[in-house]
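**Student:** Return a 3D structure for these sequence lines:
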Amino acid sequence: MWTAPEVTRHGHSDPLLGDERTILEGRLEWHRSTLLAKCAGLTGEELARQVVPPSNLSLLGLIRHVAQVESSWFQRLLAGRDVPRVHPSGGADFDAATPENAEADYATLLAQMAASREVVATMSLDDEFTVQMWDGQRASVRWLHVHMIEEYARHNGHADLLRERVDGTTGP
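**Tutor:** Predicted coordinates:
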């Protein structure tokens, strides 16, 4: 039976010093690793468990959701790549979170994180892209980092509650 691997996070909010890019990328990485840490040591069944009825939220659903978010923002919108959706639209991130797909869903998230890092590696924080779903408004890579930090922070709060309900684990 597959179990989510252990994750090492360094410090409370790496890094605390550095230029703007270092701070933004470091904070985003810390939040990415926080979600993975909340899942560490759990089986696919535990990750897929919906423990806050009537909500369909689960840790595996969050994994699936942020994989979709990473792909949508970095690959599709920022890089303009014509890549298929990671998961079908309409709530499938949460509704289709099943124990037997946990390992593959986890691997998909890691792959999407790596692809996101690759997309921004050669870009400036001032580079812009069009957000079609927001009437073609323009956004910067800087804004995208802040948005993704917010996205992860919000869902890490959910993950705190879900993990506690699954097995009683609390803390960072």
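**Student:** Specify the beta-bridge partners of the spatially closest residue to residue 1 that is not a sequence neighbour.
**Tutor:** Distances taken as Cβ to Cβ, 6 or more residues apart in numbering place residue 43 nearest to residue 1, at 5.5 Å, with adjacent residues excluded. Heads up, the C-betas are built off the backbone N, CA and C, glycines and all. Beta-bridge partners for residue 43, by DSSP bridges, are residue 3.
**Student:** ok, how many other residues are close to residue 43?
**Tutor:** Number of residues near residue 43 (other Cβ atoms under 10 Å) recorded here: 15.
**Student:** and it, what is it in contact with?
**Tutor:** Residues in contact with residue 43, defined by Cβ atoms under 8 Å, 6 or more residues apart in numbering, are 1, 2, 3, 4, 99, 102.
**Student:** of those, closest to residue 67?
**Tutor:** Nearest to residue 67 among the contacts of residue 43: residue 102, at 12.4 Å, using Cβ to Cβ.
**Student:** Low-confidence ranges, this protein, go.
**Tutor:** Flagging of the chain using pLDDT under 70 yields the residue ranges 10-14, 89-92.
**Student:** which stretches of it form helices?
**Tutor:** Taking DSSP state H as the criterion, the chain carries its helices at 20-39, 44-48, 59-70, 92-95, 102-120, 141-167.
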